[in-house]
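just coords:
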């Protein structure tokens, strides 16, 4: 649609009708412009800056400037100030008038409406420049606002390549104004709408210019798949319902450092999200194959147990050769048990380093790097680097804390005489309910900590035959070891013990071997007369798996054999028994922050 | 003055007559002060038998590791049948408790006409809590108390024996055969209905036929009386030992169970045994042909006595928490 020349007064409208007509006019496409998309995407990433180390690629692409748009609340909270700033930098600004004159002389177009739209467009560009901190030409050289300049350039490119191809000049100018507003203010508007997601809503999640180019690309199967992929990503990112991812998101939000930049916070979130996604994928894969045994954390434990690195702080900018200091709080929470001499203290080893390309520079931890904790400890640690020669740029500083820990788990189940079970079931009796048992589908309960242990056995009540009990008894126990925390990693397993109910033993289970009796717990008195079967994971298996590196979740499944019917059932109509598992392991948590080394000059 | 004297005399007479007329109910006051005449006590009602009740705070809601505590229960016989061989068993979690004694026997009288009160007995079990796992702060536990006991149901009612079901005789009948319904006889197994039919045999002889409907109104399971120990232990119970109610006795007029042909009756049993599938079934008892009622006997109303015998098992549970000190 082309406007005929009109008087300035009639043309000085916002073009609402024009915009409406455009929306209703039909399909607007450009020729397939993947090249433009690539260029816009590249400069968008350049503008944003990406730390790829969180996905395993050791590249820290610092970006020119982290630019997350403008704060729209500034406009309505301080309209007078905003207006004053704009007025000062347009009406009272020589540069602005120079631009207007240049446009008028060389590019006013065929109508006053066209000229007016160009003026408004220039005002919009000036406004976002001013509010971004560009007060004069010299400021452009500053890295602080270079990102704004790149965005403005990209918008101009999109105007000339896409909008001017699709619309008349007036419409193109108005669409450009719209894109300027969205690119600079949409992030903040969405953050205000979803305050809980404030840390993850940014220009990487909502790349307005990239999406604009995609919208105007020629329809094709590839474009449809591309759009589907983006929508799917949004769906997963914001509406994931996996407990692991939700927990990881919460862990990520809880762990967000107040002083972290949005990139740091975002990369932490994505790292945690990705880890959670992988974890959920592995869980699902094992669940589908029937080899993932679940559990739940002990409800009585309201406080989290383990070792935590919190409140990582420090300056984010240092000059070359300046002493670098980063602080973090080490918090240890264990269960104090003075009456249990067999409870091992938690030994923690803290270290820190700066990653410099492919190498690392180790820092010094003070006051000390090794701790032995029985119950609770809170220590403020400093990681310092003296006289290290780093080139200007962004570098990740990492705190590591390795510690030993133990997780215990138990699974309750019920045993009953097999004929009694058969008879009651034939008479439509709900066996467990008839005995007043409400916990009819018990799940494994594990103590709080970085690793969780799930267990599963034959659905209860398990029938124990009276005739030929050893030959006719059939049951199993499955164990799954998995991460309970979204962050950190399992370094090695030291011991994995399992205690079976009295009267049962493993039936040819090569992964486990009998636990020597001298290693049994004595807390419950001398149990040598009781036929308890205790097993440990084979040392050879532990060392092999430790060398390979533990890929969690990891499952074991063994069939059970009946050794003694009387020991298992006792003298009661139904027997309540437990499988108990204990795992000792080394775990490592990591916290990373980015620092910027600036040139002395 | 004469009128005042008359009024006063009338007043005194009224008081004396009132006392006289209320004398019967006054004389029936028992020592406890109950007003119900003793001849109206009917203990054979309701569907309650033995009830198990945990005493307050026994076990407590929270116990601590290494602690001794008591699980006390009150066994209350709310029915009309005496328990002569009852057994009560405590099921616990041996991984968390040491219990020296987990079973006990008991006897309890049932309600009677002369003693309609409920009889009860307290049974207690001592438990020692073991230490929890080092990393555990608490554990939710449960105890089950199972009572296995012999019990019975007795029914006394009246039934009409119609010797002229086809109404051939011209004599007016003294009663009519009808179905009888009942709500309970003071036991968990209730006779809910009796259908009476008259079967005409050779020479017009009459063979009364009773359909006796039985239903389990209690919360427990019916077991055979001989399987009480098995029900409270870990031994097997086969299908013949579960849900079996024995017809111990049936009497009407001069006839007894020995004169009746009752079904179902397993070959191995002397008495009819009813399997309560879906908790309700019926006996069919018919007077034997060789002792059938002669045709010339008039229709009459007579008492009908039925006694059932069975074993019963009932379980009650209580949940509580084991805590670690300083948590």
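Structure received. Since the structure is predicted, the reported quantities are computational estimates derived from the model, not experimental observations. Residues are numbered from 1 along each chain as shown, chains lettered A, B, ... in the order given.

please count neighbours and contacts with C-alpha atoms only from this point.
Fine.

mind checking pLDDT for the residue nearest the centre of chain B?
For chain B, residue B:187 is the residue whose C-alpha lies nearest the centre (Cα atoms, centre = their mean; 1.4 Å). Listed pLDDT for residue B:187 reads 93.

name the element it belongs to?
Counting by DSSP states H and E, no helix or strand carries residue B:187.

gap between it and chain A?
19 Å (Cα to the nearest Cα, to the nearest Å).

pretty sure that residue sits against residue B:152.
Yes - here residue B:187 reaches residue B:152: they are 6.9 Å apart, a contact under Cα atoms under 8 Å.

show me what contacts the residue nearest to the centre of chain B?
The contact partners of residue B:187, by Cα atoms under 8 Å, 6 or more residues apart in numbering or on different chains, come to B:44, B:45, B:46, B:47, B:48, B:49, B:79, B:80, B:81, B:151, B:152, B:153.

go again with 7 Å.
The neighbours of residue B:187, taking Cα atoms under 7 Å, 6 or more residues apart in numbering or on different chains as the test, are B:46, B:47, B:48, B:49, B:79, B:80, B:152, B:153.

among those, which pair sits farthest apart?
For the contacts of residue B:187, the farthest-apart pair by Cα to Cα is B:46 and B:152; their separation is 13.3 Å.

more neighbours, those two?
Comparing residue B:46 with residue B:152 by other Cα atoms under 10 Å in any protein chain shown, the one with more neighbours is residue B:152, at 27 against 18.

could you tell me how many residues sit around the closest residue to residue B:189 other than its chain neighbours?
Excluding the flanking residues, the one nearest residue B:189 by Cα to Cα, 6 or more residues apart in numbering or on different chains is residue B:216, at 4.6 Å. By the measure other Cα under 10 Å, the count of residues near residue B:216 is 23.

for the one 5 residues further on, same thing?
Neighbourhood size, residue B:221 [other Cα under 10 Å]: 22.

name the nearest residue to it, sequence neighbours excluded.
Closest to residue B:221 by Cα to Cα, 6+ apart is residue B:313, at 5.3 Å.

swap in residue B:42?
residue B:113 (6.7 Å).

how's the chain carved up into domains?
Chain wasn't specified; assuming chain A. With automatic domain parsing as the criterion, the domains of chain A are listed as A:8-229, A:242-290, A:305-393+A:592-598, A:404-517+A:527-588.

other chain: chain B
Split by automatic domain parsing, chain B gives B:2-40, B:50-149+B:314-323, B:151-312.

can you convert these into a markdown table and add a column each for distance to residue A:159?
Output for the domains of chain B, formatted as a markdown table (distance: least, Cα to Cα, whole Å):
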| stretch | distance to residue A:159 |
| --- | --- |
| domain B:2-40 | 102 |
| domain B:50-149+B:314-323 | 64 |
| domain B:151-312 | 80 |
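
nearest to residue A:570, out of those?
Here domain B:151-312 is closest among the domains of chain B (Cα to Cα), at 6.7 Å.

span of that closest one from start to end?
7 Å (Cα to Cα, to the nearest Å).

so where's the stretch 451-600 of chain A uncertain?
A:516-550 (pLDDT under 70).

residue 209: which element?
Here I'm looking at chain A. Assigned by DSSP H and E, residue A:209 belongs to helix A:208-215.

try again with chain B
Residue B:209 belongs to strand B:206-216, assigned by DSSP H and E.

how distant is that strand from the center of its chain?
19 Å (Cα atoms, centre = their mean, to the nearest Å).

do me a favour and average the pLDDT over that strand.
94.

which residues does the helix or strand that it is followed by contact?
As assigned by DSSP H and E, the chain's next helix or strand after strand B:206-216 is strand B:221-223. Contacts with strand B:221-223, where a contact means Cα under 7 Å, 6+ apart, come from B:241, B:242, B:243, B:244, B:310, B:311, B:312, B:313, B:314.

on that earlier part again, so which of the domains of chain B is nearest residue A:397?
domain B:50-149+B:314-323 (33.7 Å).

quick check: end-to-end length of the closest one?
Domain B:50-149+B:314-323 has an end-to-end distance of 33 Å (Cα to Cα).

would you map the helices across the stretch 1-150 of chain B?
B:2-27 (DSSP state H, counting those that start in this stretch).

that one against chain A: which residues are in contact?
The stretch 1-150 of chain B comes close to chain A at residues B:89, B:91, B:92, B:93, B:130, B:131, B:134, B:135, B:136, B:137, B:138, as judged by Cα under 7 Å from any Cα of the partner chain.
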